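**Student:** Predicted model and sequence follow; I will ask about them next.
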Amino acid sequence: MHIKSGFEQSVYALLLLDMLPEKAVLPGEAISEHLSNSPSYLQKLIRKLVHAGIVTSVTGVKGGFKLSKKSKDIRIYDVYVAIEGNQSMYSSNGVLSSLLRLDKDDCECLLEDIMLEAESNWIHTLKQKTISTLAKDLQSGPFDSKVKPIEKWIHEKMVL
């Protein structure tokens, strides 16, 4: 399984939005600049987050983005589904039936139960953590000294 960089970028964009004062928004250009990604790619990601109800888009000259709900209510799993989709991570290709020289309909994959259990555990873990959880880790961990300059930058870039 390979998770695309858009998931990671989306989580960190949400962490930036979580630092905003209540009525403020952050322009998309500022977010893409700070995350060092292209504005068009960020727009694609933000559109998915808006569609999922995680982010609110404010249009106009004073437009930008903000969280549509409290960060404690945004599970990392919700972000994953918004960006990557909700498809199962594993799907048997019928290799066991080829190995045993059986018809695909007559052979169940031995890996399927193992993979479904692993996916279930993975989803459970992602559902336990929220954007708020990560924000607390960011502010109390080894990066805490880097948060103040980011908050200053946000206040310079935000629109009220």
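**Tutor:** Arrived safely, thanks for sending.
**Student:** list the buried ones in the helix or strand hosting Tyr12?
**Tutor:** Assigned by DSSP states H and E, Tyr12 belongs to helix 5-18. With burial defined by 16 or more other Cβ atoms under 10 Å, the residues of helix 5-18 counted as buried are 6-7, 9-18. Using the backbone N, CA and C atoms, a C-beta is placed for each residue, glycine as well.
**Student:** With respect to Ala24, which of those residues is nearest?
**Tutor:** Using Cβ to Cβ, Leu17 comes nearest to Ala24 of those, at 9.4 Å.
**Student:** Mind listing the residues bridging to the closest residue to that closest one other than its chain neighbours?
**Tutor:** Leaving aside its sequence neighbours, Leu17 sits nearest to Leu67 (Cβ to Cβ, 6 or more residues apart in numbering; 5.0 Å). Note on Leu67: beta-bridge partners by DSSP bridges are Val55.
**Student:** what about Pro21, which SS state?
**Tutor:** coil (DSSP: H, G, I helix; E, B strand; the rest coil).
**Student:** show me the contacts for Ser38.
**Tutor:** By Cβ atoms under 8 Å, 6 or more residues apart in numbering, the contact list for Ser38 reads Ser32.
**Student:** Kindly provide the distance from it to Gln9.
**Tutor:** 11 Å (Cβ to Cβ, to the nearest Å).
**Student:** before we move on, back to that, just give me the neighbour total for the residue nearest to Leu17.
**Tutor:** 18 (other Cβ atoms under 10 Å).
**Student:** ok, it touching Leu16?
**Tutor:** No. Using Cβ atoms under 8 Å, Leu67 is not in contact with Leu16; the gap is 10.1 Å.
**Student:** any idea how far Gly143 lies from Ala82?
**Tutor:** Slight slip there: residue 143 is Phe, not Gly. Distance from Phe143 to Ala82, by Cβ to Cβ: 25 Å.
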